[in-house]
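Engineer: Model the structure of this input:
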Amino acid sequence: MLGMITRNWWTVALRGVAAIVFGVLALVWPSLTVQVLVSLFGAFALVDGAFTLFMGIDSREFNDRWWAMALGGVSGIVIGLLTFFYPSVTAMVLLYFIAAWAMVTGVFEIVAAIELRRVIDGEWAMTLGGLLSIIFGVLLAAFPGAGALGLVWAIGIYAISFGVVLLVLAFRLRGMEREPEKARS
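Structural biologist: Predicted structure coming up:
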C-alpha cells in the first residue's frame, strides 16, 4: 500500500495546486460573478475528483477501503458536473454545493488519513485538510447570508489553505518514496 501512496504523490500535489489556483483566482478577482465562480468551482471539483478517483482505483489491490477514496472522487466529479449542467444556479445553491463538497471531501480525507496512519508518518496533514474542509463546509451551510464578497473571500482562503495542506502531504509522500525508511515499519 505504501508504494501506491508514495508513487502517486504527484496526484496529491496536483490537487493542491488546483486548489491554490482556484483560491487565488477567487481572491484576486473579487468582483466575480456567480456564473464565473460556478465555472471555476466546477473545474476545480472535477480536477480534484478525477485525481482522487484515480488514487482510489489505483490503491484497490493494496487497500481494502479503496472504495472510500474512489467514492470521494466520484462525489467531486458529480458536484463539478452539476455546476456545469446547471450554470444558472443561484448563489445560495452554489453555496450549498460548495458546502456539501467540502464536508464530503473532508470526511473522505479523514478516512484516508486513518488508513495512512498505519503506514506513514505525516498523515496529520491529510487529517488537518479533512478537518478544515468539514469546518468550512459546516460554516458555509450554517451562515449562508454572509454576503457575496465575504463568500468569495472565504472560499478563496479555504481553497488556498486546503491546497497548501495537500502540497505539504504530497511532498512528504514524495520524500517517503525516495527514502522508504522514513515510513513507519
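Engineer: which helices and strands does the host helix or strand of Phe136 pack with?
Structural biologist: Using DSSP states H and E, Phe136 sits in helix 124-142. If contacts are counted by 3 or more CB pairs under 8 Å, 6 or more residues apart in numbering; DSSP states H and E, helix 124-142 sits against helix 91-116, helix 148-178. Placement of C-beta: from N, CA and C, glycine included.
Engineer: Return the distance of Ile154 relative to Leu116.
Structural biologist: To be clear, residue 154 is Ala; Ile isn't right here. 28 Å (CB to CB, to the nearest Å).
Engineer: Leu81 - how many residues pack around it?
Structural biologist: Counted with other CB atoms under 10 Å, the neighbours of Leu81 add up to 14.
Engineer: wait, what's in contact with it?
Structural biologist: Going by CB atoms under 8 Å, 6 or more residues apart in numbering, Leu81 touches 42, 46.
Engineer: measure it to Val93 for me?
Structural biologist: Applying CB to CB, the value for Leu81 to Val93 is 15 Å.
Engineer: What part of this protein, helix or strand, is modelled with the least confidence?
Structural biologist: The least trusted helix or strand in the chain, going by mean pLDDT, DSSP states H and E, turns out to be helix 2-7, with a mean of 71.
Engineer: Against which helices or strands is the next helix or strand after it packed?
Structural biologist: The C-terminal neighbour of helix 2-7 among helices and strands, as given by DSSP H and E, is helix 9-28. Judged by 3+ CB pairs under 8 Å, 6+ apart, the packing partners of helix 9-28 are helix 34-58, helix 148-178.
Engineer: can you give me the mean pLDDT across helix 9-28?
Structural biologist: Regarding helix 9-28, the rounded mean pLDDT is 91.
Engineer: quick one: average confidence on the helix or strand containing Phe84?
Structural biologist: Taking DSSP H and E as the criterion, Phe84 maps to helix 66-85. Throughout helix 66-85, pLDDT has a mean value of 89.
Engineer: Buried residues of that helix, list them for me.
Structural biologist: Residues of helix 66-85 classed as buried: 66, 68-77, 79-80, 82-83 (neighbour count, 16 or more other CB atoms under 10 Å).
Engineer: pretty sure Val37 contacts Leu25?
Structural biologist: If you look again at residue 37, you'll see it is Leu, not Val. No - the criterion here is CB atoms under 8 Å, and Leu37 misses it with Leu25 at 9.3 Å.
Engineer: Could you check which of the two has the larger neighbour count?
Structural biologist: Comparing Leu37 with Leu25 by other CB under 10 Å, the one with more neighbours is Leu37, at 24 against 17.
Engineer: Might you report the residue contacts of that one?
Structural biologist: So Leu37 contacts 26, 94, 152, 155 (CB under 8 Å, 6+ apart).
Engineer: picking that back up, more neighbours: which of Ala154 and Leu116?
Structural biologist: For Ala154 versus Leu116, the count of surrounding residues by other CB under 10 Å is larger for Leu116: 24 against 19.
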